[in-house]
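> task: produce atomic coordinates for the following.
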Amino acid sequence: MKTVIVTFLFCLSLSLNAQPKESIKLPEGGKEMAIEEALQLFSLYVTENQEVYNDGRKLEYFDDISYAIIDQKNKSIDEWVPQLVLLYADKNVRYSFIDAIKMEVAKAKNNIHYNTGNVEALESINKLLEYNPNNYKSLNPIKIKTEDLDEEEIEFVFMMTPPPPPPSLVEYIYAVDKTMVEEGLNSFSTYTFVTLKNDKILDSNGEPLDEQNLANLIPNEALLFIRYDKNLLYGDYIKSILKLDELRKKLKETKQIQFRPFEASAELEAHFKKLTIPFQKLTN
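Numbers count the residues shown, from 1 in each chain. As a prediction, the model looks like this:
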């Protein structure tokens, strides 16, 4: 257990000897973490070769991630102390692999901090995980990069578990009932998407995204899905979400346009495909 208070927050989280954290090249960006409360730290280390470690222990299955987070919480003598999940992932890891890790963190009812700069730094990006972990169970081994990941698709087995009322946006979007999904989508003025690729963001027309065409793409109070290319690297994902956040703030200040970003996970891509729902509102 790692229950810490302010001064010792990162000293314990970085006291790992058995995992190759020194080889991890973190992406740039983010800002210094300012935390002034007691926390349980849960650190995940992901190497370029797509090996996943926690506290010197190599995790073999994706399910191991959520189980380990929950196990730490259950063993805590201070149940009131919240957990903080820190992700130290190499910038050259395929983002689709990170997406699968994020799903497991969401299953444990946690959000995540993307740690940036270097492994010894205190910089990070706090990320709300918009996944619905109640509807599936993953049974997938963690495969290293040499095991032909290009041909592999992670399987999501959906369970018929209705979301509790009142539904949140996540529960609307991930609902088993197509009508409920469409109700959530139609609560916005419109909805469309952008696609994250290495070194660029494309709008729904395939054009590079900037402030002007983003303003043309979405009216006020729209829903913007953030999709990702299968070859997107984690480092480029971090650059893209920072750029999108900057554009969002500029649109709000200069054009009074506010939109709701929503990441389209691999699970959501499969879900919309099954329900034959497009990521862009069709006009007549």
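> for this protein, what's the longest strand?
Counting residues, the longest strand found in the chain (DSSP state E) is strand 38-46.
> state the mean pLDDT of that strand.
Averaged over strand 38-46, pLDDT sits at 89.
> strands paired with the next helix or strand after it, and their directions?
Sequence-wise, the next helix or strand downstream of strand 38-46 (DSSP states H and E) is strand 52-54. Paired neighbours of strand 52-54 in the sheet (DSSP bridges): strand 38-46 (antiparallel), strand 57-59 (antiparallel).
> distance from the chain centre to the longest one, please.
When C-alpha coordinates are averaged (Cα atoms, centre = their mean, to the nearest Å), strand 38-46 and its chain have centres 16 Å apart.
> report the buried residues of that strand.
L39, Q40, L41, F42, S43, L44, Y45, V46 (16 or more other Cβ atoms under 10 Å). The way it works is simple: take the backbone N, C-alpha and C, and place the C-beta from them, glycine included.
> dump these to JSON lines, plus distance to K239.
Below are the buried residues of strand 38-46 laid out as JSON lines (distance: Cβ to Cβ, whole Å):
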{"residue": "L39", "distance to K239": "28"}
{"residue": "Q40", "distance to K239": "30"}
{"residue": "L41", "distance to K239": "26"}
{"residue": "F42", "distance to K239": "26"}
{"residue": "S43", "distance to K239": "23"}
{"residue": "L44", "distance to K239": "21"}
{"residue": "Y45", "distance to K239": "21"}
{"residue": "V46", "distance to K239": "18"}
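> sec struct for K102, please.
Under DSSP: H, G, I helix; E, B strand; the rest coil, K102 falls in the helix class.
> now it. Nearest residue, chain neighbours left out?
Distances taken as Cβ to Cβ, 6 or more residues apart in numbering place L129 nearest to K102, at 5.6 Å, with adjacent residues excluded.
> what ranges does the stretch 151-284 of the chain have for its strands?
Under the criterion DSSP state E, counting those that start in this stretch, the stretch 151-284 of the chain contains strands at 157-158, 191-197, 200-202, 222-228, 259-263.
> contacts only, for E22.
Going by Cβ atoms under 8 Å, 6 or more residues apart in numbering, E22 touches V119.
> let's number from 51 now, not from 1
New numbering, starting at 51: the last item is E72.
> would you say it is within a strand?
No. Applying three-state DSSP, one finds E72 to be helix, outside a strand.
> what's the distance between it and Y95?
According to Cβ to Cβ, to the nearest Å, E72 and Y95 sit 10 Å apart.
> select the longest helix from the chain.
Assignment by DSSP state H gives helix 284-304 as the longest helix of the chain.
> quick one: neighbours of the closest residue to S73 other than its chain neighbours, just the number.
In space, S73 comes closest to T97 once its chain neighbours are excluded; the distance is 6.1 Å by Cβ to Cβ, 6+ apart. By the criterion of other Cβ atoms under 10 Å, T97 has 21 neighbours.
> give me the number of residues near V244?
Neighbourhood size, V244 [other Cβ under 10 Å]: 25.
> and if you look at the one 5 residues further on?
Under the neighbour criterion other Cβ under 10 Å, D249 is assigned a count of 10.
> that one contacts G285, correct?
No. With contact defined as Cβ atoms under 8 Å, D249 does not reach G285; the gap is 10.1 Å.
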